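J.: Could you work out the structure for the sequence below:
(chains A and B)
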Amino acid sequence: MAFISPALLLLLAMSVFPLLWALYLSFTDYSATRGGPANFIGFGNYTAILTSAQVHQRALTTLIYVVGAVALQTVLGFGIAYLISRRTHGRGALTTLFLVPMMLSPVVVGLFWRFMLDAQFGVVNSMLGSLGLGQVEWLTRQRTALLSLIVVDTWQWTPFIMLIALAGLTAVPKYLYEAASIDRASEWFRFRTITLPLVWPLLLIAVMFRGIEAFRLFDLVYILTSGGPGVSTETLSFHVYKVAFLGFNTGTASAYGILMVLVVIVLTQLYLRYLNKLKEG
Amino acid sequence: MLLVATTLTACGGGEDDDAKVSAPKAPATIPELTKDPLTLSFIWFDWPPAHALEDFANAEYKKERPNATIKVNTVPNANWHDAMFTQFAAHKTDFDIAILDSQHIGEAVTNGNILDITDFVKQNIDVAAYNPYLLAAYGQFPQAETGKRDENASLYGLPLLGDTWTMIYRKDLIGDKPPQTWDEMISAAARCQADNPGVSGLAFHQANGSDAAAVTYNTVNGIYGGNLWDSKTRKIDGVINDAAGQEAMDVLVNKMKPLTAKGSGNWFIDEVNAAVAQGKACIAFNWIAASGGLLDPKQSTLGTTRKQILDKLGFATLPSQKTNLVPLGGMGMHVSAYSSKANQAEALNFMKWFERADIQKKWAAAGGVPSRTDALQSPEFLNAGPFNQVYTDSVPRMRDMWNVPEYARLVNIENTNVNAALNGAKKPKDALDDIAKEQQGVLDSSGRKGGGGL
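T.: Numbering: from 1, shown residues only, chains lettered A, B, ... in the order given. Okay, here's the model as predicted:
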């Protein structure tokens, strides 16, 4: 116990205390800048958030983003892992190369994609121009701005899915494939009945991690679009930042944060139950 | 995010029993200054005047106070408000002098974050040397309805850098004479764009962050005779979206926006300067204090010398239309209430020094924009840049925004909605009505318990 107590104290001070403090503040009208006492207002903040049309809009934006980005990353990540796993030569070098985007800071990724997607001077539009296609306003139009965020996030985080899928693919016992080839099973049959069922549980865990991360998206929005045009790419995390630091409505922001944590916990629990059932099955 | 917000509150505000509703007072006379080495820290956003201030102050102030070093901490423009006010919230600042936008003063004063320097100003500053509007804008709270300084009102800051928009126009493309009215300007930009493929008619701020798009709308609103609000009755709904406001939004979105470069909906100071420097805009609008780089041949494709660039670029005051209002920019110096006593004394001494007539002229020569009338009309200032005369001529035409504690939320609402209208995410009328409704909601709910701020 004495051995772990410093780490435990640090955890309590840095994580548990702020969380409990946030929980307390979420039931008050406290503002960090205005100071003064924190008046208890019950579930006032929670009611305001849950009935706010602005929050509903941000939730929808976040949902579209999470589903779009994670789905795309899963398909691409698994596809790349499948292709790499079939190679015998250069597999390590290829894997390392694909992992580079994941190792970069999201701020760096955001900044260089911002330059690349610039409608006037960006390399993406320049390439489109050389193909005879018109300019696209990637970051300043409602639909393309959200699509751009999904594409950039996919560029950065597909390697994460790929890495986990690759671990699953290389762990599939070879004798299963050998038995299948003796039975002259087709490639598609082998994939459908051996590869996918064995990799699937691991892939679902990767999807869960990515889903949680994507739900908290802040940095790419901040750098690439500032939530714009208008508020069309403003995610829940970006919105709670504005509530917390533009208006310094600390009580409201705390309730907002608690609700976001609760959503993640509940969804993750449901997801884990499904995973356990899958395992039992 | 949650952890940051709550840790801030745990470290800061929670320790006070009584709500601070007014700023603590600075002494009328400067306390005895320390002889020990001391660093006087400022906080500002990252732009050329911030670096100019650090260089200038270290070169000049050190002559009188050799033990003092000036450090100007900079943050990205979009983080500027948050960087200052999160520290204020923690009741501990790593800066002694906050360079606040005029609209930030209300929030800082009502939260007790900056010193009330009224008595200090009375004893040490010649207030008659300033245009009363500038002194009020950068230091007084609440702001007088006339916009001019009320002699009986409290002061919380002194001018550091004056600013307004200048019109930058291509003399080689639209002629030497700048357009005189907004309608003429739009026509000239349209003609220039049609005659010069690849060059857009206009370039101006449209970005979603900071106050970029909001200032653009406010400028056009003022020029077309609109008002942002009725400060007496605290009414926004029905004022900003009246007929004049609607006309201004229509002009901005339907007449000006089509003359801008494709994808310029996220442009701010740097992007507008880049478009001008690369010869991609016929007419542009930008803050004067940020325009110095346009004359640097290393950054421009318009010429290999300053003279060649100036043969092509002209700088003029904004055209008028129904009124001749121009946006007030610039910032004041404000002493952090959480700075040590020694540093507060040094900060007051610096402010007294900085506002001297001879120092203001030197600041002008170093690239700053002064606020004292004698410095504004001095050859040191007028000869320091081709746009400086524009500033001097614009001072009597300035209009500021709302100077209230809810500023940050008000400007966010306006910025996101104007940006949405400029980028086709909202119809102009809907955007304006939403601004009016949401801003009114913020003003009305200020002080209401719970649920506000979404």
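
J.: all helices for chain A, in order.
T.: Read by DSSP state H, chain A holds these helices, from start to end of the chain: A:5-11, A:17-25, A:44-50, A:53-85, A:91-103, A:106-116, A:123-130, A:142-171, A:174-182, A:187-190, A:196-215, A:219-224, A:236-245, A:250-280.

J.: what residue ranges in the chain are flagged as low confidence?
T.: Reading this off chain A. Low-confidence segments of chain A, defined by pLDDT under 70, are located at A:281.

J.: wait, I meant chain B there
T.: Screening chain B residue by residue with the criterion pLDDT under 70, one finds the ranges B:1-22, B:144-146, B:447-454.

J.: Dihedrals phi and psi, the residue of chain A found nearest chain B?
T.: When you check chain A against chain B by C-beta to the nearest C-beta, the closest residue turns out to be A:Ala119, at 2.0 Å. Where C-beta positions appear, they are placed from N, C-alpha and C, glycine not excepted. Main-chain torsions, A:Ala119, degrees, to the nearest 10: phi -60, psi -30.

J.: Quick one: neighbours of the closest residue to B:Ser446 other than its chain neighbours, just the number.
T.: Leaving out its chain neighbours, the residue that sits closest to B:Ser446 by C-beta to C-beta, 6 or more residues apart in numbering or on different chains is B:Glu406, at 5.3 Å. The number of residues packed near B:Glu406 is 23, by other C-beta atoms under 10 Å in any protein chain shown.

J.: most tightly surrounded among the helices of chain A?
T.: Burial of those is given as mean neighbour count (mean count of other C-beta atoms under 10 Å in any protein chain shown); helix A:236-245 ranks first at a mean of 24.

J.: and it, what does it pack onto?
T.: Helices and strands touching helix A:236-245, as assessed by 3 or more C-beta pairs under 8 Å, 6 or more residues apart in numbering or on different chains; DSSP states H and E, comprise helix A:53-85, helix A:219-224, helix A:250-280, helix B:2-11, helix B:80-89.

J.: What helices and strands are in contact with the second one?
T.: Using 3+ C-beta pairs under 8 Å, 6+ apart as the contact definition, the elements that helix A:219-224 packs against are helix A:106-116, helix A:142-171, helix A:236-245.

J.: picking that back up, what sits against the residue nearest to B:Ser446?
T.: With C-beta atoms under 8 Å, 6 or more residues apart in numbering or on different chains as the criterion, the residues that contact B:Glu406 are A:247, B:106-107, B:442-443, B:446.

J.: Going by proximity to chain A, name the top residue of chain B.
T.: Scanning chain B for the residue nearest chain A gives B:Gly263, at 2.0 Å (criterion: C-beta to the nearest C-beta).

J.: can you tell me how far the closest residue to that residue other than its chain neighbours sits from B:Thr416?
T.: Counting by C-beta to C-beta, 6+ apart, the nearest residue to B:Gly263 once its immediate chain neighbours are dropped is A:Ala119, at 2.0 Å. Noted for A:Ala119: a distance of 20 Å to B:Thr416, by C-beta to C-beta, to the nearest Å.

J.: do you know how far B:Glu60 is from B:Asp96?
T.: As judged by C-beta to C-beta, B:Glu60 and B:Asp96 stand 18 Å apart.

J.: More neighbours: the two, which one.
T.: B:Asp96 (25 against 17).

J.: what's the burial count for B:Leu348?
T.: Count around B:Leu348 with other C-beta under 10 Å applied: 24.

J.: tell me which strands and helices the helix or strand where it lies is in contact with?
T.: Of the helices and strands defined by DSSP states H and E, B:Leu348 is found in helix B:341-354. Taking 3+ C-beta pairs under 8 Å, 6+ apart as contact, the helices and strands that helix B:341-354 lies on are strand B:38-45, helix B:48-64, strand B:68-75, strand B:97-101, helix B:118-124, strand B:158-163, strand B:329-335, helix B:357-365.

J.: With distance to chain A as extra columns, can I get those in TSV?
T.: Converted to TSV, the helices and strands packed on helix B:341-354 look like this (distance: least, C-beta to the nearest C-beta, whole Å):
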stretch	distance to chain A
strand B:38-45	15
helix B:48-64	21
strand B:68-75	13
strand B:97-101	13
helix B:118-124	22
strand B:158-163	22
strand B:329-335	15
helix B:357-365	31
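
J.: Tabulate those (JSON lines), appending distance to B:Glu32.
T.: Output for those, formatted as JSON lines (distance: least, C-beta to C-beta, whole Å):
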{"stretch": "strand B:38-45", "distance to B:Glu32": "13"}
{"stretch": "helix B:48-64", "distance to B:Glu32": "15"}
{"stretch": "strand B:68-75", "distance to B:Glu32": "14"}
{"stretch": "strand B:97-101", "distance to B:Glu32": "19"}
{"stretch": "helix B:118-124", "distance to B:Glu32": "15"}
{"stretch": "strand B:158-163", "distance to B:Glu32": "21"}
{"stretch": "strand B:329-335", "distance to B:Glu32": "17"}
{"stretch": "helix B:357-365", "distance to B:Glu32": "22"}
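
J.: between those, which gets nearest to B:Gln299?
T.: Comparing the helices and strands packed on helix B:341-354 by their distance to B:Gln299 (C-beta to C-beta), the top pick is helix B:48-64, with 11.4 Å.

J.: Now tell me what touches that closest one from outside.
T.: B:42, B:44, B:68-72, B:74, B:160-161, B:289-290, B:292-293, B:350, B:353-354, B:359, B:362-363, B:366-369.

J.: what's the answer for stretch A:85-97, then?
T.: Counting by C-beta under 8 Å, 6+ apart, the neighbours of stretch A:85-97 from elsewhere in the structure are A:84, A:162-163, A:166, A:169-170.

J.: then it to CSV, C-alphas only?
T.: Only the C-alpha atoms of stretch A:85-97 are listed here, as CSV (Å, rounded to 0.1, in the frame of the first residue of the first chain):
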residue,chain,number,x,y,z
SER,A,85,-0.9,-9.3,-43.4
ARG,A,86,-0.8,-11.2,-46.7
ARG,A,87,2.7,-9.8,-47.5
THR,A,88,5.7,-11.7,-46.3
HIS,A,89,8.3,-9.2,-47.4
GLY,A,90,8.5,-5.6,-46.1
ARG,A,91,5.5,-6.0,-43.8
GLY,A,92,7.4,-4.3,-40.9
ALA,A,93,8.5,-1.3,-43.0
LEU,A,94,5.0,-0.9,-44.4
THR,A,95,3.4,-1.0,-41.0
THR,A,96,5.8,1.6,-39.6
LEU,A,97,5.1,3.9,-42.6
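
J.: picking up where we left off before, turn the contacts of stretch A:85-97 into CSV, columns for distance to A:Pro37.
T.: Written out in CSV, the entries for the contacts of stretch A:85-97 read as follows (distance: C-beta to C-beta, whole Å):
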residue, distance to A:Pro37
A:Ile84, 60
A:Met162, 52
A:Leu163, 50
A:Leu166, 56
A:Leu169, 59
A:Thr170, 60
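
J.: Run through who's touching stretch A:178-191.
T.: Outside of stretch A:178-191, the residues that reach it under the criterion C-beta under 8 Å, 6+ apart are A:177, A:193-194.

J.: Up against chain A, what does the stretch 201-350 of chain B have?
T.: Contacts of the stretch 201-350 of chain B with chain A, taken as C-beta under 8 Å from any C-beta of the partner chain, map to B:207-209, B:261-266, B:280.

J.: ok, and the most crowded of these?
T.: Per-residue neighbour counts (other C-beta under 10 Å) across those peak at B:Asn208, which has 30 neighbours.

J.: which parts of the stretch 101-250 of chain A sit against chain B?
T.: On the criterion C-beta under 8 Å from any C-beta, chain B has as its neighbours in the stretch 101-250 of chain A the residues A:118-120, A:125, A:135, A:137-142, A:218, A:222, A:225-232, A:234, A:237, A:240-250.

J.: ok, A:Phe112 - contacts?
T.: Shown in contact with A:Phe112 (C-beta under 8 Å, 6+ apart): no residues.

J.: can you give me the strands in the stretch 101-250 of chain B?
T.: B:158-163, B:165-170, B:200-203 (DSSP state E, counting those that start in this stretch).
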